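# kindly return the folded structure for what I paste below:
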Amino acid sequence: MLTRYIQAAMHQATYELLEDGTFYGEIPACQGVWSNADNLEACREELQDSLEEWIVLGLRLGHSLPIVDNINVNLSTAEVA
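Numbers count the residues shown, from 1 in each chain. Predicted coordinates for the structure are as follows:
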């Protein structure tokens, strides 16, 4: 399920070529997940790394993560017990 969540979120990513020639990428549904790199592929890879770290930290801190393409990775109290 986590792999599908990451793939779905990455499909929602947007990228922009900045004036300095670098690429900026973000996932609007995942607040604070962004990257900046010299080329598009590096930007995409850094964005996925940022997303994975954001998910792990969010789950560890008990944050409610957005549901992406009907995929819910949030733990319910029944699952934790």
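# and the residue nearest the centre of this protein?
By Cα atoms, centre = their mean, the chain has its centre lying nearest to Leu51, at 3.0 Å.
# can you pull out the strands in this structure?
Using DSSP state E, the strands of the chain run over residues 14-17, 23-26, 34-37.
# export these to CSV and append columns for mean neighbour count.
Every residue, glycine included, has its C-beta placed from N, CA and C. Below are the strands of the chain laid out as CSV (neighbours: other Cβ atoms under 10 Å):
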stretch, mean neighbour count
strand 14-17, 12
strand 23-26, 20
strand 34-37, 18
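# got a markdown table for those, with distance to Tyr5 too?
Output for these, formatted as a markdown table (distance: least, Cβ to Cβ, whole Å):
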| stretch | distance to Tyr5 |
| --- | --- |
| strand 14-17 | 18 |
| strand 23-26 | 17 |
| strand 34-37 | 18 |
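# nearest to Asp69, out of those strands?
Proximity to Asp69 (Cβ to Cβ) singles out strand 14-17 among the strands of the chain, at 15.8 Å.
# what helices and strands are in contact with the closest one?
Contact analysis of strand 14-17 by 3 or more Cβ pairs under 8 Å, 6 or more residues apart in numbering; DSSP states H and E lists strand 23-26, helix 40-60 as its packing neighbours.
# hey, which of those is tucked in deepest?
For the helices and strands packed on strand 14-17, the largest average neighbour count (mean count of other Cβ atoms under 10 Å) is found in strand 23-26, namely a mean of 20.
# so what touches it?
With contacts defined as Cβ atoms under 8 Å, 6 or more residues apart in numbering, strand 23-26 is touched by 13-18, 33-40, 42-44, 46-47.
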